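[1] With the sequence up front, the predicted model follows.
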Amino acid sequence: MVIALTPIREGNLWSGSTWTVEDENALAGLLARVAIGQARVAERILHEDGLVDINYPMGGYESARNLLKLGPSGDPAHRDGWMFQVISWIAAHRAGRPGMIRSPHMRHADKGLDGLLVEFDDTEIARVVISEEKATGNARTMVRDRVWPEFQDFETGRRDAELVDGVSTLLAGAGHPNPDAVVAAILWTEKRAYRVAVTIDDTHASEKGLKALYKGYETAVSGAIDRRRAEAFQVQNLRPWFENIAVRATAIIDAEEAAINV
């Protein structure tokens, strides 16, 4: 198992999980797959818990390596943010909820939604889950000053056009038989749920710390607890840890390229 999930909950305010990486080499392999453009292969690996004998494409190695490099400024934030979005995507698959999960972006900086999930219940009524995923050294400030305001924008309908476009594209790509009906349903607030995922350090790695981290969630997003999902990934030495995984993933891409060029 690449990532293990441990349930967490704060009364009727929010619920979710903390994540633990159990196999860093396997994680690096999945990051390499996604970087090279093979997110669907990574999904098969995740759901089958085994290797899938599908080679990488004949090209795209340089762009894949660029995703795992620092930007021109040398600031690791965008690179690490992209990697964390992939980790969050893996965790979403591990959660095992029935539905569709949008593949990670193929670029570092994107002003749109970090993640998007469309889930179905027994009556085929859809719920869209809007996910904000942040690799940060200051989790509370990020959640309070960036994530909660973004969720409130979706709650008030200010970003409906972006949401409709994202859901329509996801459903159409998955071959859903009636995407228009799903999109119409999610325009109602009760069909929306939210998922915040952040990196944390020892400050928030406790019941008390998590409570402080997600303070104000029920104010930003009202309603039942199942509308408020909270995810946390504890990382010591945040930037060096991401650099180490990036180096491993890059080595996997290099090896695949070398094998094809033999």
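    That came in fine, so what should we check first?

[2] element containing Val198?
    strand 192-200 (DSSP states H and E).

[3] What strands flank that strand, and is each parallel or antiparallel?
    If you go by DSSP bridges, strand 192-200 pairs up with strand 126-134 (parallel), strand 228-234 (parallel).

[4] and those, which one's lowest on average pLDDT?
    If the strands paired with strand 192-200 are sorted by mean pLDDT, strand 126-134 sits at the bottom with a mean of 91.

[5] Share the number of residues neighbouring Ala246, please.
    Residues near Ala246, counting by other CB atoms under 10 Å, number 24. Using the backbone N, CA and C atoms, a C-beta is placed for each residue, glycine as well.

[6] got a list of what the nearest residue to it once chain neighbours are set aside touches?
    Among residues not flanking Ala246 along the chain, Leu68 sits closest, at 4.4 Å (CB to CB, 6 or more residues apart in numbering). If you count contacts by CB atoms under 8 Å, 6 or more residues apart in numbering, Leu68 has them with Leu31, Ala35, Arg79, Met83, Ala246, Ala249, Thr250, Ile253.

[7] ditto for Val164
    With CB under 8 Å, 6+ apart, Val164 has these contacts: Val183, Ile186, Leu187.

[8] could you flag which of those are buried?
    Among those, those classed as buried by 16 or more other CB atoms under 10 Å are Val183, Ile186.

[9] Any idea what the residue nearest to Ala205 when sequence neighbours are not counted is bridged to?
    The shortest distance from Ala205 to any non-neighbouring residue, by CB to CB, 6+ apart, is to Gln234 (4.9 Å). Beta-bridge partners for Gln234, by DSSP bridges, are Ile200.

[10] count of neighbours near Gln234?
    Each residue near Gln234 was counted by other CB under 10 Å, and the total is 15.

[11] How about Thr136?
    By other CB under 10 Å, the residues close to Thr136 number 18.

[12] Phi, psi for the closest residue to it other than its chain neighbours please.
    Once flanking residues are discounted, Thr136 sits nearest to Met142: 4.4 Å by CB to CB, 6+ apart. The phi/psi pair for Met142 (degrees, to the nearest 10) reads phi -60, psi -50.

[13] can you list the weak-confidence ranges in the protein?
    By pLDDT under 70, the weakly predicted segments of the chain are 49-59, 109-111, 123-126, 188-189, 261-262.

[14] where do the helices sit along it?
    24-35, 39-48, 61-67, 77-95, 139-142, 148-155, 160-173, 179-186, 207-213, 217-220, 238-260 (DSSP state H).

[15] Nearest approach to Met106 belongs to which of the ones you listed?
    helix 61-67 (7.3 Å; CB to CB).

[16] Give me the spatial nearest neighbour of Phe242, chain neighbours excluded.
    Closest residue to Phe242 apart from its sequence neighbours, by CB to CB, 6+ apart: Asp80 at 4.3 Å.

[17] Next one: the spatially most central residue of the chain from Arg102, what distance?
    Centroid-nearest residue in the chain, with CA atoms, centre = their mean: Ser88, separated by 3.1 Å. Separation of Ser88 from Arg102 (CB to CB, to the nearest Å) stands at 11 Å.

[18] try Arg192
    Distance of Arg192 to Arg102, given as CB to CB: 15 Å.

[19] same thing with Asp226?
    20 Å.
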